[in-house]
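J.: missing the sequence, but the structure's below:
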C-alpha cells in the first residue's frame, strides 16, 4: 500500500481468549480521507478501531501512524502512549469525564497529556466548542447536557487535540433520531475540513454520502472495500450485497452510478 | 435509685475533657487506614496476581475477629517485647512508660485499613469502566486517569461507607479504656469511681458519643452532597 498513508495497519490479529476477533487486517488510510467501517455486529469493526488507539492490545501485526510505527506484539508503554496521542476517539456513549466541566473535558487532553500551556489550551478549547455550537455551556457538567450536546463535547474534545487520525465508534448509536442528524452533520463538517477520519457506523446513508472509502467487515476480516459507489452500487461479494440490501433496495439504480 | 442530674453534669465535663483523646484514637487510624487502605484497594481492583489474593485473605482474616481481640493481642505482644527491646537498645524505658494509646491506635489502624480498603474497592468498582478508556484515549497515562478522573469520581461514592467506618472507629476507640487509656469512656467511669454513680457517668459518655457521631455523620453527608452535586453520573 501507499507510503503516503497517514495510518497503516498490517496483519493485525486479535483474539479474546480463544475466540479470534480480528484475523489479519490490512488497512491504509490516506491523509484527509474519511473511511467508514461497516459490517454486522460482532464483525470486529469496533475492536479494530480500539486496537488503533490501544484500548485493546492487538496480538500481532504492525501499526504506523504518521512516522511512528510499532510492532503490535511487543509495543512498549511509551510507544503506546505516543501513538495514542496521535489519535483521538469519539465514543458511542459520549464518555465525557463526569467529574469535569465541558471546558475541562476539552482542555484535559491538551494540558495534562500534551503539556500545552493552560491559557493556550483554553483558547483552543473555546474555539472548538464554538465550532460545535457549545460556546455558551463551558461551565456545564456532563449530567446537565443532553445526549446530543454531550456528543458535541466529545467531538470538540477530539478536535482540540488536532489528531492525525480521528476515530469515531458508532458516534450516533445512543442518540435519538433527531439528534443523529445533528451529529452526523457535525461530523460531515469535520470531514470537510480535511481531517482524517475512521468511522464505525451503522448509518448507511451517512457512510454513502460522506465517506471517501467504505470498508465492509465480517467475521474479523475485511470482506470488501472501495468507494461508496463501488461498494453500495456494485458489491463484489455476495455477503456485502446481502448486508447492504436493506439500504440499497429502496434506492433507484442511478443513485449509485 | 435516683438519677443525680448535677452529677451527670460533672461527669459530662470530665468526659468532654477527653474528647480530643477519643478523636485522636479514631481519626489517626482513619487517616492511616486511608493511606494504607487505598493502595490495598487499588491492588485488589487491578487484580494484581498473588499480592491481590494475599491482601484479600488478610482482609478476610482481620474482618473475622473482634477489634478488642486484636487490641489485647497487641497489648500482650508489646508488653512482652517492649522491655527486652529497650534493653537491647540500651534505653532506660520500661513498658510502664509506653503510651498505651499507641497500642489502641495500632489495633484500630489495622481494622480501619481493612474496612477502608473494602470501601474504596467498592467505590472504584462503581466508576464506569469506560472512564478508564476515555482517559486513555485522551492520551492520559494510567496514573493520570486514575488520579484525575477515576478517584475523584470514586471518592464521593465511598463517603457513606467512610462515614460509617468513622463512627465505628469512634465507638471502637472506647475499647482503648481496656488498656488503661483515658478517653471519653474511661474519664466518665473514673469520675464515678468515688460515688458509684456509674449510670450518670455512662449517660454522660453516651451523650458525648451521640454528639460526636451525629456531627461526624452530618459533616460527611454535607461533603457527599457537595461532591456529588458536581458530577452526578449520567444514566
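T.: On my side now, so go ahead. Bear in mind that the values here come from a model prediction, so they are computed numbers and not experimental data. Residues are numbered from 1 along each chain as shown, chains lettered A, B, ... in the order given.
J.: element containing residue 124, please.
T.: Since you didn't name a chain, this refers to chain A. Following DSSP states H and E, one finds residue A:124 within helix A:118-131.
J.: the intended chain is chain B.
T.: Residue B:124 belongs to helix B:101-126, assigned by DSSP H and E.
J.: could you point out which element follows that helix?
T.: Next element after helix B:101-126 (DSSP H and E): helix B:130-137.
J.: contacting residues around whichever helix or strand comes after that next one?
T.: Remark: after helix B:130-137, the chain's next helix or strand is helix B:142-144, criterion DSSP H and E. The contact list for helix B:142-144 (CB atoms under 8 Å, 6 or more residues apart in numbering or on different chains) reads A:112, A:113, B:135, B:136. C-beta here means a position set from N, CA and C on the backbone, and glycine is covered the same way.
J.: circling back to that earlier point, go through the helix holding residue A:124 and flag the buried ones.
T.: The neighbour-count check on helix A:118-131 (16 or more other CB atoms under 10 Å in any protein chain shown) flags A:121, A:122, A:124, A:125, A:126, A:128, A:129, A:131 as buried.
J.: and the stretch 101-250 of chain A, which residues reach chain B?
T.: Proximity of the stretch 101-250 of chain A to chain B (CB under 8 Å from any CB of the partner chain) is limited to residues A:108, A:109, A:112, A:113, A:114, A:141, A:142, A:143, A:150, A:157, A:161.
J.: now with 10 Å, please.
T.: Residues of the stretch 101-250 of chain A that fall close to chain B, judged by CB under 10 Å from any CB of the partner chain: A:101, A:104-106, A:108-110, A:112-114, A:141-145, A:147, A:150, A:154, A:157-158, A:160-161, A:163, A:167, A:169.
J.: filter the residues you listed down to the ones in strands?
T.: A:167, A:169 (DSSP state E).
J.: which residues does residue A:8 contact?
T.: By CB atoms under 10 Å, 6 or more residues apart in numbering or on different chains, the contact set of residue A:8 is A:1, A:2, A:26, A:27, A:28, A:29, A:62, A:63, A:64, A:65, A:69.
J.: before we move on, what SS does the last one have?
T.: Using DSSP: H, G, I helix; E, B strand; the rest coil as the criterion, the local structure at residue A:69 reads strand.
J.: so which strand or helix has the residue nearest to it when sequence neighbours are not counted?
T.: Excluding the flanking residues, the one nearest residue A:69 by CB to CB, 6 or more residues apart in numbering or on different chains is residue A:62, at 6.0 Å. In the assignment (DSSP H and E), residue A:62 maps to strand A:60-65.
J.: with adjacent residues omitted, what lies nearest to the closest residue to chain A within chain B?
T.: Residue nearest to chain A within chain B: residue B:139 (3.2 Å; CB to the nearest CB). Computed as CB to CB, 6+ apart, the closest residue to residue B:139 that is not its neighbour in sequence is residue A:113, at 3.2 Å.
J.: count of neighbours near the one you found?
T.: By the measure other CB atoms under 10 Å in any protein chain shown, the count of residues near residue A:113 is 21.
J.: just residue B:87 next, same as before
T.: Neighbourhood size, residue B:87 [other CB under 10 Å]: 12.
J.: contacts for the helix or strand in which it is found, please.
T.: Using DSSP H and E, residue B:87 falls within helix B:67-89. With CB under 10 Å, 6+ apart as the test, helix B:67-89 has contacts from B:62, B:65-66, B:91-98, B:100, B:102-108, B:110-112, B:168-169, B:171-176, B:178-180.
J.: which among those residues count as buried?
T.: By neighbour count, with 16+ other CB under 10 Å, the contacts of helix B:67-89 hold B:62, B:100, B:103-108, B:110-112, B:168-169, B:171-176, B:179 as buried.
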